[in-house]
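S.K.: I'd like to go over a predicted model; first the sequence, then the structure.
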Amino acid sequence: MRTVVRKFQTEPGNPALWGAVKTTEGYNFTVAVPEGKEASLLLYRKRSKDVWQEIPLKEEDRIGTVSSVLIRGLEDGTFSYNYRIDGKIVQDIYTKELRGREKFGQEMPEDGAGIASMIPEKPVMKTRPLNLPYEELVAYKTHVRGFTKDSGSGVHAKGTFQGIREKIPYLKELGVNALELMPVYEFFEVPEELPRRVTDESGQICDAKQPVRVNYWGYAAPALYFAPKESYAATSRPVQEFAELVDALHEAGIACILEFYFGPELSTYFILNVLHYWQLTFSVDGFHLLGEGAKATELAKDELLKKTKLIFTGFDPAWIYGDGAPVCRNLGEHNQGYLETMRRYLKGDEGCISGFTYYLRRNPATHGVFHFFADHDGFTMADMVSYERKHNMENGDDNTDGSVNNYSWNCGTEGATKRKAVQSLRMQQLKNAFTMLLTGQGTPMIYGGDELLNSQKGNNNAWCQDNRTGWVNWNNGKAGQELLAFVKKMIRFRKEHPILHGPRELRLMDYQGAGCPDLSYHSQRAWFSQMENTCRFIGVMYCGDYGKKEDGTFDDSLYIGYNMHWNSHELALPSLSGKRSWSVAVDTSREECFLEQEEPVEGKSILVPPRSIVILVGRQA
């Protein structure tokens, strides 16, 4: 039986259509209700906080615990909605857009007043996913708000999707072609914190309200996973604004990868619904999935996502592919092991040379690997060479939060310093780190601002720092510009040499009859590696015949001498076939690291200065 409610009609809906969906018959609303709890659908007129209509969702009409109602006669764009469940106003977990959350950091009203779900028009995308393979990516990870919020960013719409669009020319000039964004969906940045038990002046134990701390990063559950965050929009249309950002990135040749945090309470079915929505609605290129709910073995089975990048913290590919490998490498690994090993090698720890060479060549056939020196959690790269201890007092937990294992070295002074020798050593170490990152296999990832010498002043857990500590600082003087120029050149060098970013792991053998292995290691003697625990230097040779350029010609052979010891070391050079000879192209110990004119090498060895990297190119004499 149909019930007439003013100018529209209600009838049983389709419980298979989750959330609020416009159909040819009207609007279908579906929601799960805890067993035994009363529920109703609340309708508001557009821009009004007052309930216009309340439609009961009776328990006897439910299928399982799911209520569904179809409403005929509602006019498009004239209303918003919420639910009242067990007396509390809540938002639809399937909502595609919110209103009333336009200010970042605002507390949720206890009665939910002023916040409601909308039904936006589906955006018309101009572009499709770029489908760039992992080996071709140079990734850049950042926070939508923090990337441009600082005044030095120079954008008009600071801290928004539109602000990132304004920075696309910068990303293009830098040379990156994949942008990974920390959570862009509606998370609740001001969580309900439990009161703290304290003793007052009279000796009585009482509750003390904790200072409000903003969850700036957004890694929290529950969240409204289908809705682009309203406070990240410069306009009143977050769905459309995010869609335009993805289109603009694609038109610039930059893939868009989104981070999602899923808690263990969420089902694989729900998570797949979320990923399908962002995939099909916004044509995003991939997802970096965090949290216990993101189960690689389950999500990897989904047919719709077989060509969409799915990146996890770690997984066992044998559980997914057995002894084989996929035709399309869509799975990826965010590699924390790389960070730990490479940072230790960078600062000259013992016992790292074997791990260093392992991560330098790692590029499995089953999945891509993201390599990085810094991520949101931990020291930035500038702080990695400036601090040995965390400085997290501003977080409000008495410096007890954040990891104590930073694998960092302050180069002789803790924190900021005016000592020229320390500043120079720090800059050289950062250039070494970027050179390691960009001369290794796999997908290099830069954490936003690291190329600009961005510092968090030693805070290695800036989850609540919605301020200049957590934002990217675009004004780091001449030193910041020096590092930026170096990183641009290093990215360009990587792209010019396909041998540095092949589709599969190099095999340390000559299987094409090129006259030398695809990859080989050298010490004071050519063709002999030195892997002792005390060794901190090695020569790495890439045979150019195992890499082809876009025009079909073979790549140049490369010889890279890595020396993280505090003394100089001699490295022997293998002889090149034909009339080719070695010449120095890059030397991180020099003030101008990239030589304007390559210097031919005389003799059969090179001397690599302390804590430096030298790159040689084998060219026709």
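M.R.: Ah, there it is.
S.K.: all strands for the stretch 351-500 of the chain, in order.
M.R.: Taking DSSP state E, counting those that start in this stretch as the test, the strands found in the stretch 351-500 of the chain are 368-371, 443-447.
S.K.: Can you list the low-confidence ranges for the stretch 101-250 of the chain?
M.R.: Residues of the stretch 101-250 of the chain meeting the criterion pLDDT under 70: 110-112, 192-211.
S.K.: 80 - rerun?
M.R.: Along the stretch 101-250 of the chain, the model assigns pLDDT under 80 to residues 108-113, 191-212, 221.
S.K.: Just the strands from it, written as ranges.
M.R.: Assignment of strands within the stretch 101-250 of the chain using DSSP E, counting those that start in this stretch yields the ranges 116-118, 139-142, 178-181, 185-187, 196-199, 205-208, 223-228.
S.K.: what about these, which gets the closest to residue 494?
M.R.: Comparison of these against residue 494 by Cβ to Cβ identifies strand 139-142 as nearest, at 12.5 Å. (Glycine included, C-beta is placed from N, CA and C.)
S.K.: Just checking: what are the partner strands of that closest one?
M.R.: Using DSSP bridges, strand 139-142 pairs in its sheet with strand 178-181 (parallel), strand 443-447 (parallel).
S.K.: looking at those, which is closest to residue 618?
M.R.: strand 443-447 (23.1 Å).
S.K.: Let me see the residues that make contact with the closest one.
M.R.: Taking Cβ atoms under 8 Å, 6 or more residues apart in numbering as the criterion, the residues outside strand 443-447 that touch it are 134-135, 137-142, 176, 178, 180, 332, 368-376, 380-381, 437-438, 487, 494.
S.K.: Of those residues, grab the buried ones for ChimeraX.
M.R.: Buried members of these can be picked out in ChimeraX with the line below, counting by 16 or more other Cβ atoms under 10 Å:
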select :134,135,137,138,139,140,141,142,176,178,180,332,368,369,370,371,372,373,374,376,380,381,437,438,487,494
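S.K.: hang on, the earlier thing: for the strands of the stretch 351-500 of the chain, which one sits closest to residue 534?
M.R.: Nearest to residue 534 among the strands of the stretch 351-500 of the chain is strand 368-371 (25.3 Å), distances taken as Cβ to Cβ.
S.K.: wait, doesn't residue 165 sit right on residue 247?
M.R.: No - the criterion here is Cβ atoms under 8 Å, and residue 165 misses it with residue 247 at 9.4 Å.
S.K.: number of nearby residues for the residue nearest to residue 325 when sequence neighbours are not counted?
M.R.: Take residue 325 and drop its neighbours on the chain: the residue closest to it by Cβ to Cβ, 6 or more residues apart in numbering is residue 365, 4.1 Å away. By the other Cβ atoms under 10 Å criterion, the neighbourhood of residue 365 contains 13 residues.
S.K.: can you list the weak-confidence ranges in the stretch 251-400 of the chain?
M.R.: Residues of the stretch 251-400 of the chain that meet the criterion pLDDT under 80 are absent altogether.
S.K.: what about the helices in it?
M.R.: 268-282, 296-299, 317-321, 336-346, 353-361, 381-384 (DSSP state H, counting those that start in this stretch).
S.K.: now these as a markdown table including distance to residue 230?
M.R.: As requested, the helices of the stretch 251-400 of the chain are arranged in a markdown table below (distance: least, Cβ to Cβ, whole Å):
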| stretch | distance to residue 230 |
| --- | --- |
| helix 268-282 | 16 |
| helix 296-299 | 28 |
| helix 317-321 | 37 |
| helix 336-346 | 32 |
| helix 353-361 | 40 |
| helix 381-384 | 32 |
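S.K.: Return the most buried member of those.
M.R.: Here the criterion is mean neighbour count by mean count of other Cβ atoms under 10 Å, and of the helices of the stretch 251-400 of the chain the winner is helix 381-384, at a mean of 26.
S.K.: my read: residue 246 touches residue 123, true?
M.R.: No - Residue 246 is not in contact with residue 123 according to Cβ under 8 Å; the separation is 9.0 Å.
S.K.: and those two? which has more neighbours close in?
M.R.: Regarding residue 246 and residue 123, a neighbour count based on other Cβ under 10 Å identifies residue 246 as having more, with 27 against 18.
S.K.: Okay, the more buried one and residue 258: tell me how far apart.
M.R.: With distances taken as Cβ to Cβ, to the nearest Å, residue 246 is found 10 Å from residue 258.
S.K.: ditto for residue 499
M.R.: Spatial separation of residue 499 from residue 258 under the definition Cβ to Cβ is 31 Å.
S.K.: go on, residue 451?
M.R.: Taking Cβ to Cβ as the criterion, residue 451 is separated from residue 258 by 22 Å.
S.K.: What helix or strand is residue 597 located in?
M.R.: strand 594-600 (DSSP states H and E).
S.K.: in that strand, what counts as buried?
M.R.: 594, 598.
S.K.: Just checking: what are the partner strands of that strand?
M.R.: With DSSP bridges as the test, strand 594-600 is paired with strand 580-587 (antiparallel).
S.K.: just how off-centre is the partner strand within its chain?
M.R.: In this view, strand 580-587 has its centroid 35 Å away from the chain centroid, taken as Cα atoms, centre = their mean, to the nearest Å.
S.K.: Give me the contacts around that strand.
M.R.: Among residues not part of strand 580-587, those counted as contacts by Cβ under 8 Å, 6+ apart are 435, 490, 493, 557, 559, 573, 576, 593-595, 598-601, 606, 609, 612-621.
S.K.: before we move on, what about stretch 381-389?
M.R.: Stretch 381-389 has contacts (Cβ under 8 Å, 6+ apart) with 343, 373-374, 379, 406-411, 414-416, 425-426, 429-430, 433-434, 447, 450, 453-458, 460.
S.K.: same thing but at 6 Å, please
M.R.: The contact list for stretch 381-389 (Cβ atoms under 6 Å, 6 or more residues apart in numbering) reads 373-374, 408, 410-411, 426, 429-430, 450, 453, 455-456, 458.
S.K.: For residue 557, which non-adjacent residue is closest in space?
M.R.: Once flanking residues are discounted, residue 557 sits nearest to residue 618: 3.6 Å by Cβ to Cβ, 6+ apart.
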